[in-house]
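>>> no sequence for this one, just the structure:
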């Protein structure tokens, strides 16, 4: 077998196990208050740390990325649908990089 | 399964299909750039297609390509994949607490296997139990586009103009902001949690740059979520609280 194909199979199998083992093993409701709190906050922390500072680094101009961050937060505070927020961010970058 | 449940599943599947479209478009752009990297190590279009179809992880695939490029061992591949994708373990733990009591084993496995940052984000943006068919719908649209993007990146190389890539690349983060910010308006602990995450994530990148991105993210998640949990433990019914924040 081609070595790249073997790499791909190993990578896919490992990733599948990483994803499936927790939902398979944890079958009971967790009663511990700390762990419950921890899992409640995990999604927010995960998405937040992935967003910043990457959002200002992935655009050609960091100013455009920063503006997208601020614009996105302001829009989200008005509880606008998340896809509209995403589009607003894209438009801000598109316009600012064109102007700057 | 009774007919009302089947009908409910069908409606979640449809909603997933719709909400999967914007994600799929982002995937197409991101996986295209993965294809560009895969091309440099001599991967064929078909291999790239199946790599993305079976792995569905951006950071994980980038890491895997690095191992392939350096002709690393299979053990290195396994270790680096686990480290890069360890956040899926945390997401899976979060999911495990939100399955309906009567959810089937197959649906547990299916939902777990389709955890990506974006599908996870979609699921947690909805209150109540995890809806497996919502994941299936989103994945049905988004995952093929993820695979096709990789294929195209390898086959046709760089054709998307740079300004479009730049604008598209923030869409993902815009979506994340759209998920985490609204509940923060009514819950001080979540607001503090997000603020701390931003600051510490920036600091970690500055001062812990010797660690890989995946490792940094895991450290940040564990440290910040632990600290906030100690400072602001949730009430006994976190699910209800989350629902009120919708």
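Now that the structure is in, tell me what you want to look at. Treat the numbers as computed from the prediction; the structure is a model and nothing was measured.
>>> would you confirm that residue B:149 contacts residue B:34?
Yes - Residue B:149 is in contact with residue B:34 according to CB atoms under 8 Å; the separation is 7.5 Å. From N, CA and C alone the C-beta is placed, and that goes for glycine too.
>>> and for those two, which residues touch both?
Common neighbours of residue B:149 and residue B:34, using CB atoms under 8 Å, 6 or more residues apart in numbering or on different chains, are residue B:52.
>>> work out the gap between the helix or strand containing residue B:195 and the centre of the chain.
Element membership for residue B:195 (DSSP states H and E) is helix B:188-207. Its chain's average C-alpha position is 19 Å from that of helix B:188-207, according to CA atoms, centre = their mean, to the nearest Å.
>>> for stretch B:187-199, same thing?
20 Å.
>>> near chain A, anything from that stretch?
Yes - Stretch B:187-199 lies within reach of chain A by CB under 8 Å from any CB of the partner chain, at B:189-190, B:193-194, B:197-198.
>>> now the closest residue to residue A:57 other than its chain neighbours: how far from residue A:53?
Nearest non-adjacent residue to residue A:57, counting by CB to CB, 6 or more residues apart in numbering or on different chains: residue A:65, 6.8 Å away. Distance, residue A:65 to residue A:53, by CB to CB, to the nearest Å: 9 Å.
>>> ok, these two, which is more surrounded?
residue A:65 (26 against 20; other CB atoms under 10 Å in any protein chain shown).
>>> now do the helix or strand bottoming out on mean pLDDT in chain A against helix B:188-207, angle only.
Least confident element among the helices and strands of chain A, by mean pLDDT, DSSP states H and E: helix A:33-51 (a mean of 87). Using axes from the mean of the first three to the mean of the last three CA atoms, to 10 degrees, the direction of helix A:33-51 lies 50 degrees away from that of helix B:188-207.
>>> so the host helix or strand of residue B:29, near chain A or not?
Using DSSP H and E, residue B:29 falls within helix B:3-40. Yes - under the criterion of CB under 8 Å from any CB, helix B:3-40 makes contact with chain A via B:19, B:22, B:26.
>>> closest to chain A out of the residues you listed?
Among the residues of helix B:3-40 next to chain A, residue B:22 lies closest to chain A (CB to the nearest CB), at 5.0 Å.
>>> please name the residues that touch that closest one.
A:83, A:86, B:171, B:175.
>>> burial count for the nearest residue to the second one once chain neighbours are set aside?
Closest residue to residue A:86 in three dimensions, ignoring its sequence neighbours and counting by CB to CB, 6+ apart: residue B:174, at 3.6 Å. Residue B:174 sits with 31 neighbouring residues when counted by other CB under 10 Å.
>>> need the pLDDT of residue B:174.
You'll see residue B:174 listed with a pLDDT of 88.
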